[in-house]
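**Student:** Got a predicted structure plus its sequence, pasted below:
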Amino acid sequence: MSIQQNVPLKRFNTLGVESYAEYMAQVTSIEQFKEVAEFARLSGLKIKVLGGGSNVVMSEAVSGVVVQYKSAQIALLSDDNAQVLIRVDAGFNWHDLVMHSLKQGWYGLENLAFIPGLVGAAPVQNIGAYGVEVKDCIQHVHGVFIDSLEEFHFTAEECGFEYRESIFKQALEGNVLITAVDFKLSKLPTVNVSYAPLDQMAKEKGVPTPLELAHWVIDVRKSKLPQPDQLPNAGSFFKNPVITLEMFEGLVSRYPAMPHYKLDEGVKVPAGWLIDQLGFKGKSFGPVSVHKQQALVLVNHGGKGVDVLHAADEVKQAVLDHYGIQLEQEPRLFA
Ligand code: FAD
Ligand code: NAP
């Protein structure tokens, strides 16, 4: 393990933003992390944890010590007729985990195929896609507090999971290194095809196996989303807003075609649809543009972090002015 100075971060973020870390260290154990933490303490520097960089907007200069947890082992903790419990290190690639599980006959993650990033970040925003959230399969999250260096072992309940939220983005933001996640996966090949594109395919082709479903998800995602290695992006830039029933009724009378999903806590409206209605698809704000086919995605054509944030602000302001809805940004600032 070495701690390097002035490290270029462009290849460590899917927006392709030019950025430099004051220091950076890649660690494979808690012991190594503690050595880095001691260096940071003695130098008066903050520690910033980075995964695969697919959900961050980097500033030009990232101060302190950027730490990546690189260990990527899987251990089978228990196995019975109905389910397995596995422990996966934070450095394991997320999509590889989904495909590895399916190969073993362990189900539950298939709708989350082809999401970029590493396992350690999955609980941070409770990743979700196509009607499944990772919290449904998480049993424990393990890690270490950055300030005290004490280890923690949270149950899923203690993680405070909500829609694209968790305690790691709230009260514990900036104070944890997640080192491993325990997943309970089913051996029963039941599938969730509740989302329209999957439901449509199931009607045409019959109910898929979990592995087939993962491939459907991969195909749909490839057809709808720009791939970061071709068009640098951070996925959906804004969360879908959940608005009150009263606000929804006001809006739907103006926009009868507005898609919406009723939830216990209100009505979810696709942010992509709101942005698209403003004619923003393909619109450029300097070096950053709204993707031509997917209005929720901002594509970076060589801009800096501030350019990305400027484009995001323009979109947010237009949505606020037009619909009275305050969009919330999904990618975290990494400064
Ligand atoms: P990073 O971007 O490196 O970090 C994200 C945050 O987590 C940062 O605040 C970081 O400090 C923190 N973090 C990372 N690792 C750790 C750790 N080990 N311990 C503590 N904190 C940590 N997201 C979805 O939910 N659903 C999708 O369908 C989806 N699709 C996407 C499609 C594309 C093309 C892209 C580019 C992104 C997409 N995302 C999606 C967003 C992103 O991939 C996920 O949020 C992913 O989990 C981020 O993982 P990462 O390792 O890249 O995290
Ligand atoms: P889509 O199918 O065009 O649908 C637009 C939005 O409507 C989705 O974001 C989804 O919300 C919501 N939606 C659709 N069907 C729904 C249903 N049956 N019940 C409740 N809500 C429904 O979406 P897309 O942009 O192609 O993305 C497909 C899935 O991948 C979505 O789940 C999306 O969240 C996920 N995704 C996430 C990211 C990211 O960076 N976070 C990037 C790409 C894709 P939800 O987002 O709440 O599911």
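**Tutor:** Thanks, I have the structure now. A quick note: this is a predicted structure, and the numbers were derived from the prediction, not measured. Ligands and ions are numbered 1, 2, ... in the order given.
**Student:** contacting residues around the closest residue to ligand 2 within the stretch 201-335 of the chain?
**Tutor:** When scored by C-beta to the nearest ligand atom, the stretch 201-335 of the chain has residue 235 as its residue closest to ligand 2, at 2.4 Å. Every C-beta, even on glycine, is put in place using the N, C-alpha and C of the backbone. For residue 235, the contact set (C-beta atoms under 8 Å, 6 or more residues apart in numbering) comprises 14, 54, 55, 115, 116, 225, 297, 330, 331.
**Student:** can you check residue 132 too?
**Tutor:** 108, 109, 111, 112, 192.
**Student:** Spell out which residues of the stretch 51-200 of the chain are next to ligand 2.
**Tutor:** By C-beta under 6 Å from any ligand atom, the residues of the stretch 51-200 of the chain that approach ligand 2 are 128, 129, 130, 194, 195, 196.
**Student:** Let me have these in TSV, extended by neighbour count.
**Tutor:** Output for these, formatted as TSV (neighbours: other C-beta atoms under 10 Å):
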residue	neighbour count
128	18
129	18
130	20
194	12
195	15
196	11
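**Student:** Could you count how many residues lie near residue 67?
**Tutor:** Counted with other C-beta atoms under 10 Å, the neighbours of residue 67 add up to 24.
**Student:** quick one: average pLDDT of the one helix or strand it maps to?
**Tutor:** Using DSSP states H and E, residue 67 falls within strand 61-69. For strand 61-69, the mean per-residue pLDDT is 98.
**Student:** again, but for stretch 1-15
**Tutor:** 96.
**Student:** That one near ligand 2 anywhere?
**Tutor:** No - shown here: stretch 1-15 not in contact with ligand 2 (C-beta under 6 Å from any ligand atom), separated by at least 10.1 Å.
**Student:** can you dump the C-alpha coordinates of that stretch into CSV?
**Tutor:** Output of stretch 1-15 as CSV, limited to C-alpha atoms (Å, rounded to 0.1, in the frame of the first residue of the first chain):
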residue,chain,number,x,y,z
MET,A,1,0.0,0.0,0.0
SER,A,2,1.4,3.4,-0.9
ILE,A,3,0.0,6.9,-0.5
GLN,A,4,0.5,8.9,-3.6
GLN,A,5,0.4,12.6,-4.1
ASN,A,6,-1.3,14.7,-6.7
VAL,A,7,-3.1,11.8,-8.4
PRO,A,8,-5.1,12.5,-11.6
LEU,A,9,-8.7,11.4,-11.1
LYS,A,10,-10.1,11.6,-14.6
ARG,A,11,-10.1,7.9,-15.1
PHE,A,12,-11.7,7.4,-11.6
ASN,A,13,-15.0,9.2,-12.5
THR,A,14,-17.5,8.2,-15.2
LEU,A,15,-18.2,11.9,-15.9
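**Student:** picking that back up, how about the strand holding residue 67, does it reach ligand 1?
**Tutor:** Yes - against ligand 1, strand 61-69 shows contacts by C-beta under 6 Å from any ligand atom at residue 69.
**Student:** All further residue positions should be reported with the first residue as 16.
**Tutor:** Taking 16 as the first residue, the last one we looked at is strand 76-84.
**Student:** After that strand, which helix or strand is next? Please name it.
**Tutor:** As assigned by DSSP H and E, the chain's next helix or strand after strand 76-84 is strand 89-94.
**Student:** Counting by contacts, list what that next one packs against.
**Tutor:** Applying 3 or more C-beta pairs under 8 Å, 6 or more residues apart in numbering; DSSP states H and E, we find strand 89-94 packed against strand 98-104.
**Student:** quick one: the strand it packs on to strand 76-84, angle?
**Tutor:** Put simply, strand 98-104 runs at 130 degrees to strand 76-84, going by axes from the mean of the first three to the mean of the last three C-alpha atoms, to 10 degrees.
**Student:** packing partners for strand 98-104?
**Tutor:** In terms of contacts (3+ C-beta pairs under 8 Å, 6+ apart), strand 98-104 is packed against strand 89-94, helix 109-119, strand 191-201.
**Student:** What residues of it count as buried?
**Tutor:** 98, 99, 100, 101, 102, 103, 104 (16 or more other C-beta atoms under 10 Å).
**Student:** what's the first one in contact with, if anything?
**Tutor:** Okay, so that is residue 98. By C-beta under 8 Å, 6+ apart, residue 98 lies in contact with 199, 200, 201, 202.
**Student:** So for it, what's the pLDDT?
**Tutor:** pLDDT recorded at residue 98 is 98.
**Student:** now do the fifth one
**Tutor:** Confidence at residue 102, expressed as pLDDT, is 98.
**Student:** Quick check: closest non-adjacent residue to it.
**Tutor:** In space, and not counting its chain neighbours, residue 102 is closest to residue 90: 4.6 Å by C-beta to C-beta, 6 or more residues apart in numbering.
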